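Colleague: Please work out how this folds:
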Amino acid sequence: MRSMRGAVRFLIENSVFFLAGALGGLVWANLDPASHAHLLHANLLENPWFGEPHGTSRALTVHYFVNDILMAFFFAIAGKEVREAMLPGGPLANPRQAATPLIASVGGMVGPALLYLVAAAALGQLDTLGNGWAVPTATDIAFSYVVARLVFGGDHPAVPFLLLLAIADDAMGLIILAVFYPQDAVQPIWLLLVVAAVAGGALLRRARVASFWPYLLGPGVVSWVGFALSGLHPALGLLPVIAVMPHAGVDSGLFDWRELDRDDTLNAFEHWWSNPVEGILCAFGLLNAGVVLSAAGTPTWIVLGALLVGKPLGIFAAGMFSARVLGFGLPGGLTARDLFVVGCAAGIGFTVALFVATVAFAPGPVQDAAKMGALASFAAAPVTWLAAKALGVRKRST
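Modeller: Residues are numbered from 1 along each chain as shown. Here you go, the predicted model:
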């Protein structure tokens, strides 16, 4: 019961508000696209150091403020979950037990990426669309979790398997964003600021500073500036500092209610920022999901096909390779049919897929069409239900 309440809390904080913002942006852009575009590119401040190109200078636009500054807190919380998953009791703590979900998550990223690239090449649009290969590699943890619980029930081993797979997917997705999608030409000299930020965070930790504010306002700001000036995506700028914050000795689990009772620095950071992140995700959805329905085109169908077909096939193939060839096996009670259905549920890209689409393509028709594919990935929910019915997967209720 507590884990279910924890799931409901997580959804309220990280999905429902985002969904409301995305629907609002979609409706707004179709009713009055000019005013929506005006909001997106409204100039808040002329900035000579970082921001979006604006004439001969750079500008701190609403779009940059939300996507590059505020979304850093969303990715910081995602990074916090990955960090804690490596602690004793966490799903990534035992390499052998985590092997099959981890290998399956690699397949869940390689499969859709390959299918995307093959489809783009077959249509003769690889030069135009090739940079979007990472859009369908994303898995939205919260929405996929809800679908998995509805299809499998709370006691089925497929549910924790999906959670571990999605956490690993998030970790690899953060690496992909940092490595393959820098905003500008990378200037490594500025990464010295990130090194200094990590060192500063380590000193604070050694001095037993318990409040997260000194980590955030000191090393956190320095790290974010280092990312912004180096050309790496600044939305990832808080991750190095998250890694050095004091944390609990064990992990209770992603949706475990007991996490609310922890007062270590890392959990205190999440508890304080979880509610503001609701508004941040709502604003992100409002701005980035604002595409006209007529924007649907080739990128839409390639992204959607890669998520609905490439994800389940990649997860199934890699998972079975791990279980049968490498000998790691499947978690107790999980069958090959369950594994395929898990792959279908993981095909909901949504939040992170939408974010990747905004950095993979320049604003314009191609970006809008790719965003439509990310939004349409909700089709994975009925596909998962149909696959479960067709394969005879039975629900296990708590």
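
Colleague: would you list every one of the strands in this protein?
Modeller: Ranges of strands within the chain are 43-46, 52-54, 57-61, based on DSSP state E.

Colleague: Where does pLDDT dip in the protein?
Modeller: 1-15, 48, 54-57, 86, 89-94, 249-262, 397-398 (pLDDT under 70).

Colleague: Go through it and flag its longest helix.
Modeller: helix 95-122 (DSSP state H).

Colleague: Using neighbour counts, pick out the buried residues of that one.
Modeller: Buried positions in helix 95-122, judged by neighbour count with 16 or more other CB atoms under 10 Å: 98-113, 115-117, 119-120. From N, CA and C alone the C-beta is placed, and that goes for glycine too.

Colleague: Does it pack against any helices or strands, and if so which?
Modeller: Other helices and strands packing on helix 95-122, by 3 or more CB pairs under 8 Å, 6 or more residues apart in numbering; DSSP states H and E, are helix 126-129, helix 158-180, helix 298-305, helix 311-320, helix 336-345.

Colleague: what's the span of stretch 348-367, first residue to last?
Modeller: 19 Å (CA to CA, to the nearest Å).

Colleague: got the buried residues for it?
Modeller: In terms of neighbour count (16+ other CB under 10 Å), stretch 348-367 has its buried residues at 348-361, 366-367.

Colleague: The residues you listed: which two are farthest apart?
Modeller: 348 and 366 (22.3 Å; CB to CB).

Colleague: can you pull the alpha-carbon coordinates of stretch 97-117 into PDB?
Modeller: Coordinates of each C-alpha in stretch 97-117 appear next as PDB, following Å, rounded to 0.1, in the frame of the first residue of the first chain:
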ATOM      1  CA  GLN A  97      21.100  -9.600 -10.300                       C
ATOM      2  CA  ALA A  98      20.900  -6.400 -12.300                       C
ATOM      3  CA  ALA A  99      22.700  -7.900 -15.400                       C
ATOM      4  CA  THR A 100      19.700  -8.900 -17.400                       C
ATOM      5  CA  PRO A 101      17.700  -5.700 -16.900                       C
ATOM      6  CA  LEU A 102      20.800  -3.700 -17.600                       C
ATOM      7  CA  ILE A 103      21.600  -5.600 -20.800                       C
ATOM      8  CA  ALA A 104      17.900  -5.400 -21.800                       C
ATOM      9  CA  SER A 105      18.000  -1.600 -21.300                       C
ATOM     10  CA  VAL A 106      21.000  -1.400 -23.800                       C
ATOM     11  CA  GLY A 107      18.900  -3.400 -26.300                       C
ATOM     12  CA  GLY A 108      16.100  -1.000 -25.600                       C
ATOM     13  CA  MET A 109      18.200   1.900 -26.700                       C
ATOM     14  CA  VAL A 110      20.100   0.300 -29.600                       C
ATOM     15  CA  GLY A 111      17.000  -1.300 -31.100                       C
ATOM     16  CA  PRO A 112      15.000   1.900 -31.700                       C
ATOM     17  CA  ALA A 113      18.100   3.900 -32.600                       C
ATOM     18  CA  LEU A 114      19.000   1.400 -35.300                       C
ATOM     19  CA  LEU A 115      15.400   1.100 -36.600                       C
ATOM     20  CA  TYR A 116      15.200   4.900 -36.700                       C
ATOM     21  CA  LEU A 117      18.400   5.200 -38.700                       C
END
